[in-house]
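*Asks:* I would like the atomic coordinates for the input below:
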Amino acid sequence: MQKTQLFDLDGKVALVTGASRGIGESIARLLAQQGAHVIVSSRKIDGCQEVADSIVAAGGKATAIACHIGEMAQITATVEKIRADFGKLDILVNNAATNPYFGNVLDTDLTAFQKTVDVNIRGYFFMSVEAGKLMRENGGGAILNVASVNGRVPGDMQGIYSITKAAVINMTQVFAKECAQFGIRCNALLPGLTDTKFASALTTNDSILKTALQRIPLRRAADPSEMAGTVLYLVSEASSYTTGAAINVDGGMLA
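*Replies:* Numbers count the residues shown, from 1 in each chain. This is a model prediction of the structure:
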């Protein structure tokens with residue numbers, strides 16, 4: 001009996017933002033293991049290059065490109081470079097995000113608000129627009145947005161971040177509905193508490209962590225690698241009839 005090829009990404013070009021560490025790095029590594037040429041992207045080239053070099057050393061295909069998705073010009077330049085170097089883009093994983101403010105919503109200042117919106121909403125939106133145009137030219141592709149369980153149930157002291165993640169879930173449905181005609185699918189991953197530097201405000205505070213774990217049936221935080229399998233499903237042929245979905249990977253928290 002032959003093994004399934006549903007998760008095979010040979011010949012695919014995949015862009016993963018925020019891929020220099022954490023969930024993004026785990027996603028990039030798994031997509032490369034399945035045969036994709038992964039473009040490892042984040043704000044700083046050094047971290048991207050380190051991950052890309054490691055993937056290549058392990059026998060995979062990877063390229064590093066620095067891109068701050070909070071800067072419109074960098075989004076455009078990144079997609080144009082992919083067009084020039086590869087001629088196509090099959091997979092986009094919008095993972096880069098920011099959460100600069102942790103505190104009561106009434107004390108949110110304009111700078112933190114604007115930064116969070118610029119990256120988490122505007123960045124995801126226009127990266128999807130530019131990547132989607134390239135996908136449309138080549139007959140289709142898959143967009144995966146990393147949202148958050150906070151987009152369903154707001155996280156304590158994480159007001160504006162939670163609001164932007166709710167917008168990402170709706171954005172996923174918008175792109176799914178309007179881009180299906182071009183062969184482009186769009187889905188979302190909703191991670192729960194994950195042990196990353198990004199979530200360190202939660203995971204390194206014993207009292208906050210204890211309270212959070214009481215809400216999670218599996219009674220632990222996730223490892224970043226535990227997010228990657230769901231992403232592989234959503235960007236591969238295994239999910240060819242799945243679009244507009246938002247899948248919780250949260251240890252049962254939302255249950």
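*Asks:* Packing partners of the helix or strand Ala167 falls within?
*Replies:* Using DSSP states H and E, Ala167 falls within helix 159-179. Secondary-structure packing of helix 159-179 (3 or more C-beta pairs under 8 Å, 6 or more residues apart in numbering; DSSP states H and E): helix 110-117, helix 124-137, strand 141-146, strand 184-191. To be clear about C-beta, it is placed using only N, CA and C from the backbone, and glycine gets the same treatment.
*Asks:* Need the winner for burial among these.
*Replies:* When you average the neighbours per residue for each of the helices and strands packed on helix 159-179 (mean count of other C-beta atoms under 10 Å), strand 141-146 leads with a mean of 26.
*Asks:* May I have the strands that pair with it, each with its orientation?
*Replies:* Strand 141-146 pairs in its sheet with strand 91-94 (parallel), strand 184-191 (parallel), by DSSP bridges.
*Asks:* Other residues contacting the first one?
*Replies:* The list of residues contacting strand 91-94 from outside it, by C-beta atoms under 8 Å, 6 or more residues apart in numbering, reads 9, 12-17, 19, 24, 27, 31, 36, 69, 123-124, 127-128, 131-132, 135, 141-146, 168, 231, 235.
*Asks:* would CSV of the helices and strands packed on helix 159-179 with distance to Thr242 be doable?
*Replies:* Shown next, in CSV, are the helices and strands packed on helix 159-179 (distance: least, C-beta to C-beta, whole Å):
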stretch, distance to Thr242
helix 110-117, 28
helix 124-137, 17
strand 141-146, 10
strand 184-191, 6
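*Asks:* quick one, which of these is nearest to Thr78?
*Replies:* Counting by C-beta to C-beta, Thr78 lies closest to helix 124-137 out of the helices and strands packed on helix 159-179; the figure is 8.0 Å.
*Asks:* I'd like the average pLDDT over the closest one.
*Replies:* Mean pLDDT, computed over helix 124-137, is 98.
*Asks:* And it, what does it pack against?
*Replies:* helix 72-86, strand 91-94, strand 141-146, helix 159-179, strand 184-191.
*Asks:* which one of those is the most hemmed in?
*Replies:* The most buried one of those (mean count of other C-beta under 10 Å) is strand 91-94, showing a mean of 28.
*Asks:* Return the alpha-carbon coordinates of it using PDB.
*Replies:* Provided in PDB are the C-alpha atoms of strand 91-94 (Å, rounded to 0.1, in the frame of the first residue of the first chain):
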ATOM      1  CA  ILE A  91       1.800  29.300   0.100                       C
ATOM      2  CA  LEU A  92       1.700  32.400   2.400                       C
ATOM      3  CA  VAL A  93       1.800  32.000   6.100                       C
ATOM      4  CA  ASN A  94       1.000  35.300   7.900                       C
END
